[in-house]
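In: With the input below, show me the fold.
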Amino acid sequence: YMGWVKSEKLAGVLQQPLMRLCAWYLYGEKHRGYALNPVANFHLQNGAVLWRLNWMADASPRGLTASCGMMVNYRYFLEDTMANSATYLGTKQIKASEQLLSLVSQFQQSSKL
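Out: Numbering: from 1, shown residues only. Purely as a prediction, here's the structure:
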């Protein structure tokens with residue numbers, strides 16, 4: 001059922017749309033204004049930055065089933081952790097890297113079509 005992974009061509013075609021969708025899920029999908037994903041919410045509450053999406057970082061059957069093989073990195077800048085946490089908890093704004101924001105923007109543009 002995960003045969004698409006074995007096809008380099010198909011996996012290549014799916015990479016960007018799935019990356020955009022994952023970025024939107026982590027950044028844009030909310031529950032009561034906070035990140036819907038519980039792991040993202042945990043890290044963001046603690047002041048992390050939504051840092052990087054990694055394509056095929058977990059190609060195990062479980063990783064493919066859970067997230068199409070994608071994994072996310074959260075980065076903690078110690079000097080900004082308290083401010084990031086306060087901003088997220090107070091205004092529900094997510095601090096994210098340029099890579100993530102670019103993917104979110106691409107998702108938003110493609111969803112307007």
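In: could you pull out the helices for this protein?
Out: Here the chain has its helices, by DSSP state H, at 8-28, 38-45, 61-67, 81-91, 98-111.
In: how close does Glu98 get to Ala23?
Out: Distance, Glu98 to Ala23, by C-beta to C-beta, to the nearest Å: 12 Å. Any C-beta I mention is one placed from the backbone N, CA and C, and that applies to glycine too.
In: quick one: which of the two has more around it?
Out: Ala23 (24 against 7; other C-beta atoms under 10 Å).
In: now for the helices of the chain, which one comes closest to Tyr74?
Out: Ranking those by proximity to Tyr74 (C-beta to C-beta) places helix 38-45 first, at 4.1 Å.
In: show me what contacts Gln45?
Out: 34, 85, 88-89 (C-beta atoms under 8 Å, 6 or more residues apart in numbering).
In: of those residues, closest to Ala66?
Out: Nearest to Ala66 among those, counting by C-beta to C-beta, is Tyr34 at 20.8 Å.
In: now that closest one: how far from Ala59?
Out: Using C-beta to C-beta, Tyr34 is found at 30 Å from Ala59.
In: Over to Tyr76?
Out: 27 Å.
In: Quick one: mean pLDDT over stretch 27-36.
Out: Mean per-residue pLDDT for stretch 27-36: 97.
In: make that stretch 74-81, sorry
Out: Per-residue scores along stretch 74-81 average to 98.
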